[in-house]
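Chemist: With the input below, show me the fold.
(2 chains)
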There are 2 protein chains.
Amino acid sequence: MVRLTGLAALAIAVMPRFADATPMAPTPVEIVAAAPSGAWQTIPAGELMLLDLAGGPAGTPRRVTIQLAPGFAPEHVANIRRLVAARSFERTAVARVQDDYVVQWGDATQPPPPGLALHPPAEYQRALRGLAITALAAPDAYAPALGFALGWPVGYDRAAGTVWLAHCYGMVGVGRDMPPDTGSGAELYAVIGQAPRQLDRNIALVGRIIGGIDILDTLPRGTAALGFYAQAGQRTPILRVRLASDLPPAGRPSWQVMLTASPSFAAYVAARANRRDPFYVRPAGGVDLCNVPVPVRRAP
Amino acid sequence: MVRLTGLAALAIAVMPRFADATPMAPTPVEIVAAAPSGAWQTIPAGELMLLDLAGGPAGTPRRVTIQLAPGFAPEHVANIRRLVAARSFERTAVARVQDDYVVQWGDATQPPPPGLALHPPAEYQRALRGLAITALAAPDAYAPALGFALGWPVGYDRAAGTVWLAHCYGMVGVGRDMPPDTGSGAELYAVIGQAPRQLDRNIALVGRIIGGIDILDTLPRGTAALGFYAQAGQRTPILRVRLASDLPPAGRPSWQVMLTASPSFAAYVAARANRRDPFYVRPAGGVDLCNVPVPVRRAP
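Modeler: Residues are numbered from 1 along each chain as shown, chains lettered A, B, ... in the order given. Just a heads-up that it's a prediction; the model follows:
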């Protein structure tokens, strides 16, 4: 008989396995922990953006790590790299935190650095051709079909031949004005709540937060319209922004993302959709796209 | 020509209307603001739970307001009222904050107050019979059908004759151990991230946060397993818990929820599914259940 005490007794959903429990299917966490090295791909250092915010203990910075998505928004990502190289973000701050929606930083009103494309194309979707999709068999209110491509959660339309990134928790996009403006990349936002999928195909997504999202998610909510801070002093300054490739090799962080075409990922999705942990009395038999966060980890 | 400056230029999704804009369909926010008084129902004072946490400025409490759902989990709600009457929560704290998942408070290991049902029935779903449902025509990975009942987001199964509350952002549920335990109500959790719909029909939902969710959502994330705090000193104490009906009438807060059977709510859902704000280049034509938060407000 399984007996529960302490932490386990407090859990509402994820329960540890017990030595005296009967054998059971592995949990999603166990599948990720057991995935072989071949199931992981190292993220290129030029696709890791390191955002150091003020406010750490004793004046230290707090680091948010973003994986960029040049496979989906190459011109916006190129712009972001120009902004990083010009240190443009370092004169700005987190200016907006709207509960259950987005955190926003940067400042599109600052003078653009040389070479910045002020009117990049609307990279809201791309051609499906040439892209391998790992399909997710789930009905959806926003897209004809769902899946994963290049390690990212996507919607796609086989008939139209298009595919696009989905606004899941942690995804990073480019603030813009009214159409036909598409944003330069000088203002970015990250999703910190229920996936606002209505934004899919309406705005350029350029990456996702893979480390330190709690730093953004716990910032005080802004009280002015749209969650902007009412006073400039409430903003969190951005101290330093670099690509990992800007750092000397010895000082570069290294991250890996699970290959969404791997057997480990397939097992992970299946386990997310059919929870067999003893806690569950009724496995759902299905899972939303944004309830399948693609596993990431520090390179071992 | 619409011109954008300042705040509007920074918006990524919700844009104000402009004096020189052409007439357009009202936005969801405008529909809620214009809803007649008949579209609103006042929440009974006995269904408002007021949770005062430590940590406000100059030692003041910070208030989280919860609407209880006796229509779905009557025995668990009765237990929670007993715990409030016995001041049981006031010896406890917020002990767990897991990013993109849940905040949890209370302590099921404390001696139960007299009359507490230690093994309430599994109120994970209820009979559909006699309940009016406002259907939401949206495909879903978790339920055969979706809608709203008694002002709550629900999944339902016409063939099985059952209906259940959905784990949307802000929903409050009862922590429990392994089945057949269902939890007494002495530990509660609130959803603070992407809707964990896999918990639907696996646990008793008893309400939702209608005020002050940002207080919970901005608490530091716990670093021990499952987001529990590693040190007891990191917990946020609960100073006082009352039902609004416990307070003298003059001191009672009063809240209203939009009637989900009202024409205003139907217009709101349609606007959420088909954003016609000029910001959008491609309205989604659909909307997820948990992307339709039921409007609530302070009674005017």
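Chemist: is it true that residue A:291 touches residue B:194?
Modeler: Yes: under the criterion of Cβ atoms under 8 Å, residue A:291 makes contact with residue B:194 at 6.1 Å. For every residue, glycine as well, the C-beta is placed using N, CA and C.
Chemist: helix or strand for the residue nearest the centre of chain A, which one?
Modeler: What sits nearest the mean C-alpha location of chain A, by Cα atoms, centre = their mean, is residue A:208, with 2.7 Å. Taking DSSP states H and E as the definition, residue A:208 sits inside strand A:205-211.
Chemist: How many neighbouring residues does the closest residue to residue A:175 other than its chain neighbours have?
Modeler: Spatial nearest neighbour of residue A:175, chain neighbours left out: residue A:187 (3.6 Å); criterion: Cβ to Cβ, 6 or more residues apart in numbering or on different chains. Residue A:187: 25 surrounding residues under other Cβ atoms under 10 Å in any protein chain shown.
Chemist: Quickly list what the residue nearest to residue A:56 when sequence neighbours are not counted is bridged to.
Modeler: Excluding its sequence neighbours, the residue lying closest to residue A:56 (Cβ to Cβ, 6+ apart) is residue A:62, at 4.4 Å. With DSSP bridges as the criterion, residue A:62 is bridged to residue A:53.
Chemist: what sits against residue A:242?
Modeler: A:49-50, A:84 (Cβ atoms under 8 Å, 6 or more residues apart in numbering or on different chains).
Chemist: State the distance from it to residue A:78.
Modeler: Counting by Cβ to Cβ, to the nearest Å, the gap from residue A:242 to residue A:78 is 16 Å.
Chemist: Ok, residue A:27 next?
Modeler: Residue A:27 sits 40 Å away from residue A:78, taking Cβ to Cβ as the criterion.
Chemist: between the two, which one's more packed in?
Modeler: Taking other Cβ under 10 Å, residue A:27 and residue A:78 do not tie; residue A:27 has more neighbours (20 against 17).
Chemist: give me the low-pLDDT residue ranges for the stretch 151-300 of chain A?
Modeler: For the stretch 151-300 of chain A, no stretch is flagged by pLDDT under 70.
Chemist: ranges for the helices of it?
Modeler: A:213-217, A:263-273 (DSSP state H, counting those that start in this stretch).
Chemist: touching chain B at all, the shortest one?
Modeler: Yes: part of helix A:213-217 sits near chain B under the criterion Cβ under 8 Å from any Cβ of the partner chain, namely A:213-214, A:217.
Chemist: Those residues, buried ones only, as a ChimeraX selection?
Modeler: A single ChimeraX command selects the buried members of those (16 or more other Cβ atoms under 10 Å in any protein chain shown):
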select /A:213,214,217
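Chemist: Can you name the residue of the stretch 101-250 of chain A nearest chain B?
Modeler: Closest residue of the stretch 101-250 of chain A to chain B, Cβ to the nearest Cβ: residue A:139 (3.3 Å).
Chemist: these two touch, right, that residue and residue B:142?
Modeler: No: Residue A:139 is beyond contact range of residue B:142, at 9.6 Å (criterion: Cβ under 8 Å).
Chemist: Name the residues contacting each of these two.
Modeler: Any residue near both residue A:139 and residue B:142 by Cβ under 8 Å, 6+ apart counts here, and that gives residue A:286.
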